[in-house]
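[1] coordinates for the following, if possible.
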Amino acid sequence: MVRQCARETKEEAGQRRQKHRHDPRAQDDVPPPNPPRRELRPRHRPGKEPVGSSSQAKEPRKAPYIMQGRPVPPPSRANPTKQGVAHAICPRTPPRLQVESTPEQRVYPGCPRLARPQFVQGFAVEMARNYYKQDVALREARKEPVYKYEKCESLDRRFWCKLHSDFYATVAMRKSDTPIVPCKYVDWKYYEDMNDPFFNEAIAKCKEMGLYDIMGFRYNWNEEILAQFHSSLYYDEREIAFYWTTEGEKYCVDYMTFSRILGLGSKDEKRDPIHVEQQLKPYQVPQLFFNPYWAEKGNASTLLPVYYTMNQFFRATIDAKEGDPATLRYYAVNLLAHTMPGGRPFCIMDFIWNELRRTMVEAKKSLPTAPYIMYMIERVTEVTF
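    Numbers count the residues shown, from 1 in each chain. The predicted model follows:
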């Protein structure tokens, strides 16, 4: 019984009741469209799936701050056909490396000796900065093009700017011995007279790789001149040249001129560079050792006789190092790998050039290849010290 509301007729009350009744035919009608389905958030973040999940695991995210395992960036290769800033010093490559002097060559009066930087009267004295344990600061300071500015008058006449004076006082004069690797030469006649099969094989390999002349080059050096060179070194990436000061005078040498002075030239430039390679570990080249087990140890005394001899030749000349002679460090294994059967000759000048670049930004590393640098300095300056 439908109750009739006030001011409502009987028919209106029946219609109101009919609206609330269930109509079975309404199931056949199309239901009204539902609102769009909301996308649910994933239950697990990418890379955080539970164990046993059927979803494919993604690669772990790589940290963007991981640097490549390489001491220095790939070096800039020189253009042999382009004349460098010091082309006139040695325009042609000699047939072999030998001591040459021009008619303009003069002898320096006296012998330069190591001496502490002197103070100049009339100028304020500044405290020296110690660069020995500050490789980052030294690397940034070496990038400054100091030779674009005038020479500082408040310093010792030997130095161009404050950086050179501080480096000389805190690194070159830090100990009684100058940080210069005692480089040697190979007496080929002595080893040829021995007529030993292992030495004969090593000598033949040096001739094949173009190392015979440069390893047998004998030349003395002056510690004070090399200390000034080491302190004042600047590398120009655009010109691919080194700038330095000797007795207060600025000099420069480009890549190809240095290569010609050492009797290498464009023929050596066609060979493979070493410093673009990844540094090899001894266990990666077990063929160099008596037994693969010893390759894991990486001791130079367990090398095969031929490679042991080649390592001694390298350590005495172009890759001279200080410290334990039984340790294969830096690119020592790469050099030996190039001397294996089927190995390609490497660019000698590129190796010397980039070792010098690495030395100028690492205060704890001693200056290598002293005879070749001293010979180059005397050819460029036209002064025999």
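
[2] report the contact partners of the residue nearest to Lys250 when sequence neighbours are not counted.
    Nearest residue to Lys250, sequence neighbours excluded (CB to CB, 6 or more residues apart in numbering): Tyr147, at 6.0 Å. C-beta here means a position set from N, CA and C on the backbone, and glycine is covered the same way. Residues near Tyr147 by CB atoms under 8 Å, 6 or more residues apart in numbering: 160, 234, 243, 250.

[3] list the contacts of the second one.
    When contacts are counted by CB under 8 Å, 6+ apart, Tyr234 is found next to 142, 145-147, 242-244.

[4] now the buried members of the contacts of Tyr147.
    160, 234, 243 (16 or more other CB atoms under 10 Å).

[5] please tell me how far the last one sits from Pro286.
    This means Tyr243. Distance check for Tyr243 against Pro286: by CB to CB, to the nearest Å, it reads 44 Å.

[6] now do Cys183
    30 Å.

[7] next: Trp294.
    Applying CB to CB to Trp294 and Pro286 gives a distance of 8 Å.

[8] higher neighbour count, the two?
    Trp294 (17 against 14; other CB atoms under 10 Å).

[9] just to check, the more buried one is in contact with Thr302?
    Yes. Using CB atoms under 8 Å, Trp294 makes contact with Thr302 at a distance of 3.9 Å.

[10] now do the shared contacts for these two.
    Contacts common to Trp294 and Thr302, judged by CB under 8 Å, 6+ apart, are absent.

[11] and the helices in the protein?
    Counting by DSSP state H, the chain has helices at residues 10-20, 135-142, 162-167, 188-194, 197-209, 212-215, 223-231, 255-261, 265-269, 292-297, 305-316, 332-338, 348-359, 370-381.

[12] export the ones you listed to CSV and tack on mean pLDDT and distance to Glu104?
    Below are those laid out as CSV (pLDDT from 0 to 100; distance: least, CB to CB, whole Å):
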stretch, mean pLDDT, distance to Glu104
helix 10-20, 55, 119
helix 135-142, 92, 32
helix 162-167, 94, 27
helix 188-194, 94, 32
helix 197-209, 94, 34
helix 212-215, 95, 25
helix 223-231, 96, 19
helix 255-261, 94, 16
helix 265-269, 88, 23
helix 292-297, 86, 53
helix 305-316, 94, 33
helix 332-338, 94, 37
helix 348-359, 94, 25
helix 370-381, 95, 11
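
[13] looking at those, which is buried most?
    helix 255-261 (a mean of 25; mean count of other CB atoms under 10 Å).

[14] what is that one packed up against?
    helix 265-269, helix 348-359, helix 370-381 (3 or more CB pairs under 8 Å, 6 or more residues apart in numbering; DSSP states H and E).

[15] how far does that helix sit from its chain's centre?
    Mean C-alpha position of helix 255-261 versus that of the full chain (CA atoms, centre = their mean, to the nearest Å) differs by 20 Å.

[16] equivalent analysis for stretch 328-337, please.
    For stretch 328-337, the distance to the chain centre is 14 Å (CA atoms, centre = their mean).

[17] separation between the nearest residue to Gly323 once chain neighbours are set aside and His275?
    In space, and not counting its chain neighbours, Gly323 is closest to Arg329: 7.7 Å by CB to CB, 6+ apart. As for Arg329, its distance to His275 is 14 Å (criterion: CB to CB).

[18] and the two? which has more neighbours close in?
    His275 (23 against 14).

[19] the more buried one against Leu335, yeah?
    No. Applying CB under 8 Å as the test, His275 and Leu335 come out as separate, 11.4 Å apart.

[20] mutual contacts of those two, please.
    With CB under 8 Å, 6+ apart, His275 and Leu335 have common neighbours Phe351.
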